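Participant: Provide a 3D model corresponding to the input given below.
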Amino acid sequence: MYFLEDSTDPVDPDFVVDFTPYDDPDDATQRWTTWWSVEPLCRGPEPRPAWVVTDRGAVDTELGVLKTGKEADVHLLERAVRDGPAVVMAAKRYRDTGHRDFHRNAAYTEGRRGKDGREARAAAKGSAFGRAVAAGQWAGAEWTTLVRCWEAGLPVPYPVQLDGTEILMEWVSHDGETAPRLAQSRPAPDPLRDLFEQLREALATMTQHGLVHGDLSAYNLLVAGDRLVVIDLPQTVDLVANPQGFDFLLRDCANVCRWFRSKGLEVDEHELYADLLATAF
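Facilitator: Here you go, the predicted model:
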């Protein structure tokens, strides 16, 4: 049994606090892990995949830009422990107030509950503070949706952590390379139908949970081998609470069915839409 200095309270012998001082990494592309600096609710849902690195001594290393967009950029980031585990993740970072160009409109945010009236008004006005608020809101919205979808068993990247306007998530890859978008793939007839059935099942599960992607197309679906993965979820809306929820769902169906038809698979958006609604209600 051990006791803290100047205390008579016993300390659990299995509880070890590491007081070893660490210097900041010299490399500008590195930082100490931010896992322990975020709130517990901003860490990925349990049970966590075995590849998630939670060691306090881990170092994050920037590997480069994976994708750029109007509202956010996606980087590759390695989190590694010296002589220990390492994992590459996707770091989605919503742009700062000086370089942000949000094109999301109010239609996506209808039905969402705001936490702070002042912040909501600032975001609506588009001031510098409001743009900063908006970045945090969209990052928070995507994080919440990712967690909810993951817990529902949907094929989405595992959400590792949320830190301000940065979301760390699973890097969706195949054979060591970033998984291509569905729009870039040229599947044969049988794999094409299998991908559509995977999509139908994913949409059915989302609809059952009252979720609509809102911006679904072949450009925000990844093909990891024979597995379809849904990405880019900040604009997800509530099917019922959002007045345009059903319109967004039909538009999603039309967008994806149009792509599959262009590849030779005869599918109908109205049939898919009806199937999803039948599943939901």
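
Participant: identify each buried residue in stretch 192-201, please.
Facilitator: 192, 195-196, 198-200 (16 or more other CB atoms under 10 Å). In short, each C-beta sits where N, CA and C put it, glycine included.

Participant: so what touches that stretch?
Facilitator: 155, 182, 187, 221, 223, 226-228, 256, 260, 263-265, 267, 272, 275 (CB atoms under 8 Å, 6 or more residues apart in numbering).

Participant: now the helices for the stretch 101-250 of the chain?
Facilitator: 106-109, 117-125, 128-151, 189-208, 245-262 (DSSP state H, counting those that start in this stretch).

Participant: so which of those helices is nearest residue 59?
Facilitator: The minimum distance between residue 59 and the helices of the stretch 101-250 of the chain falls on helix 128-151, with 23.2 Å, by CB to CB.

Participant: returning to that earlier point: closest to residue 39 out of the helices of the stretch 101-250 of the chain?
Facilitator: Residue 39 lies closest to helix 128-151 among the helices of the stretch 101-250 of the chain, at 11.5 Å (CB to CB).

Participant: average pLDDT for that closest one, rounded please.
Facilitator: The pLDDT scores in helix 128-151 average 79.

Participant: one more: stretch 233-242?
Facilitator: 95.

Participant: distance between the ends of that stretch?
Facilitator: 16 Å (CA to CA, to the nearest Å).

Participant: do the same with stretch 180-197
Facilitator: 19 Å.

Participant: can you check stretch 155-165 too?
Facilitator: End-to-end distance (CA to CA), stretch 155-165: 23 Å.

Participant: now the angle from whatever helix or strand residue 271 lives in to helix 189-208?
Facilitator: Taking DSSP states H and E as the criterion, residue 271 maps to helix 269-280. Angle, helix 269-280 to helix 189-208, by axes from the mean of the first three to the mean of the last three CA atoms, to 10 degrees: 50 degrees.

Participant: for helix 269-280, buried residues please.
Facilitator: Buried-residue list, helix 269-280, by 16+ other CB under 10 Å: 269, 272-273, 276, 280.

Participant: point out the least confident one among those.
Facilitator: Within the set of the buried residues of helix 269-280, pLDDT is lowest for residue 280 (85).

Participant: picking that back up, which of the buried residues of stretch 192-201 sits closest to residue 136?
Facilitator: Among these, and counting by CB to CB, the member closest to residue 136 is residue 199, at 30.6 Å.

Participant: just the CA coordinates of the helix holding residue 271, formatted as PDB?
Facilitator: Presented in PDB, the C-alpha positions along helix 269-280 are these (Å, rounded to 0.1, in the frame of the first residue of the first chain):
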ATOM      1  CA  GLU A 269     -35.200   6.600 -57.500                       C
ATOM      2  CA  HIS A 270     -39.000   6.600 -56.800                       C
ATOM      3  CA  GLU A 271     -38.900   2.900 -56.100                       C
ATOM      4  CA  LEU A 272     -35.900   3.300 -53.800                       C
ATOM      5  CA  TYR A 273     -37.600   6.300 -52.100                       C
ATOM      6  CA  ALA A 274     -40.800   4.200 -51.500                       C
ATOM      7  CA  ASP A 275     -38.800   1.300 -50.100                       C
ATOM      8  CA  LEU A 276     -37.000   3.600 -47.700                       C
ATOM      9  CA  LEU A 277     -40.200   5.200 -46.500                       C
ATOM     10  CA  ALA A 278     -41.800   1.800 -46.000                       C
ATOM     11  CA  THR A 279     -38.900   0.800 -43.900                       C
ATOM     12  CA  ALA A 280     -39.000   4.000 -41.800                       C
END
